[in-house]
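K.L.:
Give the three-dimensional model of this entry:
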Amino acid sequence: MKNLVKVFFTVCFSVFLGCKALGQKFTTHAVKQNETLYSIAKQYGVSQEEILKYNKELKSGESLGINTILVIPSANGKVVDTKPKGPEKGQPVNGEVAELVNRIMNDSVVKREPIGFVEHKVKKRETLYGIAKEYGVTEEEIKKYNTQLYAAQLDRKMVIKIPKYRKVKEPQNTIDVGDYEKYIVAPKETRWSIANKYGITIDSLLVLNPSLSKTSNYLQEGYELLLPKIAGSTVENQETQLFTSYTVPPKMNFYRLEKEFGVKSDEVVRLNPEITERGGLKEGMIIRLPETKLDPGEINTDNYIFYEVKPKQNEFRLTRKFGMSWEELIKLNPELRDGLKAGMVLKLPKNQVGEFEVRNSLVLDKINLLDSINVDNKPKIMFLLPFRLDKLDLNDTETVEWTIQNRNSLKYSLGLYSGALVALDSIKSLGVSVDVKTFDNRLDLQRTKEILQRENLGSYNAIFGPLDVLSLKEASTQAAGYDLPVIAPVPAKSDISLGNVFFSYTPEHTLREHMLSFVLEKRVDENIIIIADAKNRVVKDSILRKFPTAKIISVKEEEKNIGINRDKLELQLSKETENWVFVESDNFKLISSVVSILNSFHNSVLDIEEPNAKKIRVRMFTTDKNNAFDNDVISSTHLSNLRFTYPSVYREAPSDSFEKRYKARFGVVPDRFAVRGFDVTFDLLLKLAYKNDLLDVSKFIGETQYSGSKFDYEKDISSGYFNKASYIMGYDNMYIKELE
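P.N.:
Modelled structure (predicted):
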């Protein structure tokens with residue numbers, strides 16, 4: 001426990017003492033027990049009004065909360081350095097202080113100059129973001145000419161100056177409607193299948209159809225698209241016989257033409273009489289060759305997978321990637337004869353396999369993020385976690401110990417953030433500079449709102465946290481206007497659409513599907529048995545859909561007792577094949593009882609009088625290994641005997657460089673929350689270091705894996721990005737191993 005307290009104080013130091021490296025115009029002060037505004041002002045030789053001026057959350061006459069961080073201006077106002085010294089790259093600082101000083105010391109990043117100003121009287125509930133949107137300017141541009149907003153929030157009836165800028169005429173794109181047609185999306189079609197059908201790029205598809213989402217690849221059946229007409233006919237009434245121009249390369253002959261294009265030599269000569277006139281095929285000659293088009297209706301996700309060609313790719317890279325010859329690729333994609341171009345969409349056989357990942361019929365490149373870092377990218381991250389420093393007296397170590405042990409929010413925050421700090425150290429060692437701001441939202445929705453409203457969210461690349469659902473909704477709502485992603489590091493459920501939230505914890509239904517698919521793939525003739533309490537009736541039904549012949553053992557649930565009938569279970573056990581038993585419950589009493597009963601049957605002989613009687617073999621599964629399975633009354637030996645198997649978002653973290661870094665920094669072995677904090681943060685930082693836009697990166701980055709977790713984010717239609725990755729774990733000789 002003392003080691004955990006050591007970690008706590010190290011994290012606290014990183015959270016609110018990291019700002020000591022700032023310039024000498026300001027300093028910070030953590031409020032101690034029994035301190036008042038008067039005593040602090042006297043200590044620093046400034047007035048109470050000056051402290052209130054730079055700490056707007058304080059009200060005159062109110063008592064101060066312990067560990068509240070105050071911004072204290074210097075007594076004489078002198079500044080030694082005209083530019084504040086920021087924190088060491090990769091290290092978190094106190095967010096309020098850093099932002100305030102940056103605003104005051106660096107007047108603007110605005111480049112354009114105004115041609116005039118408009119006065120605006122602030123109305124009730126108006127925000128700076130809303131006013132900026134109304135006038136078509138940025139928040140920074142408003143603040144530049146209303147400097148009081150760097151240290152103060154908008155107040156009702158406040159009059160501010162809004163800069164006016166010369167309008168820049170945008171080039172008008174004119175579309176000749178005669179060259180385009182309306183297209184209705186059919187079932188099982190995607191953006192890539194349609195782009196391939198029409199021979200255009202995804203970028204062109206988006207230009208022609210600006211109403212398509214830029215953050216999601218979803219395409220609704222029945223959606224109406226504007227697309228270029230295919231030369232010679234419409235899609236519905238296209239001739240099967242078309243021609244393509246072909247430039248004869250060196251050493252080309254009729255035999256190779258027939259092999260490559262499937263056309264006989266006499267047909268080539270008939271279509272190109274100049275061949276006879278010039279005495280045969282000549283290098284550089286441009287000839288016509290017949291091209292047979294597939295019926296466009298066949299180009300969908302039932303028949304093909306699709307790939308978008310990336311810049312600088314060549315014939316060699318593609319053939320090696322897909323395990324196909326260039327001739328095979330050309331047969332499927334005749335447009336390749338005119339050359340390989342970035343952005344073109346290729347179709348591949350549905351069952352094609354290789355060193356790539358397929359998601360929603362789209363081939364994703366496997367990118368090594370460590371080898372793809374761009375050190376010019378400088379991500380800015382906000383950590384918004386409930387450290388609850390306002391509730392702790394840091395001088396009372398005994399109380400701090402008890403609080404860490406008994407308050408889950410603090411335990412989670414402490415673990416996640418300590419792991420995140422190691423991730424920041426790791427990315428710094430790779431040459432990437434990260435701007436970090438850390439805030440204690442205290443599990444308080446109002447404080448969360450204040451922090452988010454005070455910060456310039458448009459300058460951030462991601463928000464890590466918060467942990468509570470109400471604050472997560474607030475963060476998502478405010479960040480959505482800036483296309484700013486919010487990372488939920490722990491399980492989170494929401495009743496509203498959170499389209500910009502990355503749910504890093506794999507949902508229960510996804511874990512269940514992974515487990516059932518694993519069992520379905522491994523099963524030969526095993527006897528399936530289901531033991532599920534009333535609370536897990538839906539889970540029982542989902543297992544039955546996969547295994548309709550499974551046997552059901554009813555659970556007797558009484559007010560003070562819960563269990564199964566041992567004799568009824570015995571009748572359902574097979575002597576010939578192994579028995580695979582699903583146990584679905586979050587009641588540790590039921591689980592403990594079932595585990596003991598199953599263990600008693602395993603390797604036993606039901607009919608001892610029968611000569612050559614076979615032993616009963618039992619293996620135990622669950623689709624949801626909740627906390628009840630970790631209860632101390634459940635024997636680990638029994639679970640190992642039963643080779644207990646389950647899906648998990650975690651695996652046992654190996655002794656790797658992360659663990660060594662963590663021990664060096666904190667002096668203890670990281671717990672699973674610290675491992676999780678490292679994995680989620682390092683994954684985020686590597687993706688931002690690759691391309692400083694997480695929403696865009698998530699479209700084409702597949703599965704990634706780190707110390708104890710893996711991630712494969714997939715965009716839901718409207719409810720955010722969900723991690724689809726998980727492990728299948730199992731007991732084996734008292735060890736827990738990764739089985740898949």
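K.L.:
Check which helices and strands the lengthiest helix in the chain is in contact with.
P.N.:
For the chain, the helix with the greatest residue count under DSSP state H is helix 408-429. When contacts are defined as 3 or more CB pairs under 8 Å, 6 or more residues apart in numbering; DSSP states H and E, helix 408-429 sits against helix 2-16, strand 380-385, helix 397-406, helix 657-666, helix 672-690. Any C-beta I mention is one placed from the backbone N, CA and C, and that applies to glycine too.
K.L.:
How far off centre is it?
P.N.:
17 Å (CA atoms, centre = their mean, to the nearest Å).
K.L.:
and after that helix, which helix or strand comes next?
P.N.:
Where DSSP states H and E defines the elements, the next helix or strand beyond helix 408-429 is strand 435-440.
K.L.:
Between strand 435-440 and the longest helix of the chain, find me the angle.
P.N.:
Helix 408-429 runs at 170 degrees relative to strand 435-440, counting by axes from the mean of the first three to the mean of the last three CA atoms, to 10 degrees.
K.L.:
Pull helix 408-429 out as PDB, backbone CA atoms only.
P.N.:
Output of helix 408-429 as PDB, limited to C-alpha atoms (Å, rounded to 0.1, in the frame of the first residue of the first chain):
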ATOM      1  CA  ASN A 408     -12.500   3.300  -7.200                       C
ATOM      2  CA  SER A 409     -12.500   6.500  -9.200                       C
ATOM      3  CA  LEU A 410      -9.200   7.500  -7.600                       C
ATOM      4  CA  LYS A 411      -7.700   4.000  -8.000                       C
ATOM      5  CA  TYR A 412      -8.600   4.000 -11.700                       C
ATOM      6  CA  SER A 413      -7.400   7.500 -12.300                       C
ATOM      7  CA  LEU A 414      -4.100   6.900 -10.500                       C
ATOM      8  CA  GLY A 415      -3.400   3.700 -12.500                       C
ATOM      9  CA  LEU A 416      -4.500   5.100 -15.800                       C
ATOM     10  CA  TYR A 417      -2.600   8.300 -15.500                       C
ATOM     11  CA  SER A 418       0.600   6.700 -14.100                       C
ATOM     12  CA  GLY A 419       0.600   4.400 -17.200                       C
ATOM     13  CA  ALA A 420      -0.100   7.400 -19.400                       C
ATOM     14  CA  LEU A 421       2.900   9.200 -18.100                       C
ATOM     15  CA  VAL A 422       5.200   6.300 -19.100                       C
ATOM     16  CA  ALA A 423       3.600   6.400 -22.600                       C
ATOM     17  CA  LEU A 424       4.400  10.100 -22.800                       C
ATOM     18  CA  ASP A 425       8.000   9.300 -21.800                       C
ATOM     19  CA  SER A 426       8.100   6.500 -24.500                       C
ATOM     20  CA  ILE A 427       6.800   8.700 -27.300                       C
ATOM     21  CA  LYS A 428       9.200  11.500 -26.200                       C
ATOM     22  CA  SER A 429      12.200   9.000 -26.600                       C
END
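K.L.:
Can you list the buried residues in that helix?
P.N.:
409-428 (16 or more other CB atoms under 10 Å).
K.L.:
With stretch 557-570 instead?
P.N.:
Using 16+ other CB under 10 Å as the test for burial, stretch 557-570 gives 562-564, 569.
K.L.:
Any stretches of the stretch 401-550 of the chain with poor pLDDT?
P.N.:
401-406, 494-496 (pLDDT under 70).
K.L.:
Strands along the stretch 551-700 of the chain, start to end?
P.N.:
Taking DSSP state E, counting those that start in this stretch as the criterion, the stretch 551-700 of the chain carries its strands at 551-553, 556-557, 562-563, 579-584, 618-621, 645-648.
K.L.:
Same check on the stretch 101-250 of the chain?
P.N.:
With DSSP E, counting those that start in this stretch, the ranges of strands along the stretch 101-250 of the chain come out as 116-121, 159-164, 180-184, 224-228, 241-247.
K.L.:
residue ranges with poor pLDDT in the stretch 551-700 of the chain?
P.N.:
In the stretch 551-700 of the chain, residues with pLDDT under 70: 606-613.
K.L.:
Just put the strands of the stretch 101-250 of the chain in TSV and tack on distance to A152, mean pLDDT and mean neighbour count.
P.N.:
Shown next, in TSV, are the strands of the stretch 101-250 of the chain (distance: least, CB to CB, whole Å; pLDDT from 0 to 100; neighbours: other CB atoms under 10 Å):
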stretch	distance to A152	mean pLDDT	mean neighbour count
strand 116-121	16	88	11
strand 159-164	11	90	16
strand 180-184	53	85	14
strand 224-228	49	86	16
strand 241-247	68	71	13
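K.L.:
how about a markdown table for those strands, with distance to L346 added?
P.N.:
Below are the strands of the stretch 101-250 of the chain laid out as a markdown table (distance: least, CB to CB, whole Å):
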| stretch | distance to L346 |
| --- | --- |
| strand 116-121 | 53 |
| strand 159-164 | 49 |
| strand 180-184 | 20 |
| strand 224-228 | 18 |
| strand 241-247 | 17 |
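K.L.:
among those, which is nearest V31?
P.N.:
Nearest to V31 among the strands of the stretch 101-250 of the chain is strand 159-164 (32.5 Å), distances taken as CB to CB.
K.L.:
Keeping just the C-alphas, turn that closest one into PDB.
P.N.:
The C-alpha coordinates for strand 159-164 follow below in PDB (Å, rounded to 0.1, in the frame of the first residue of the first chain):
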ATOM      1  CA  VAL A 159     -19.900  44.300 -25.200                       C
ATOM      2  CA  ILE A 160     -17.100  42.800 -27.400                       C
ATOM      3  CA  LYS A 161     -15.500  43.700 -30.700                       C
ATOM      4  CA  ILE A 162     -15.900  41.300 -33.600                       C
ATOM      5  CA  PRO A 163     -13.200  41.700 -36.300                       C
ATOM      6  CA  LYS A 164     -14.400  41.800 -39.900                       C
END
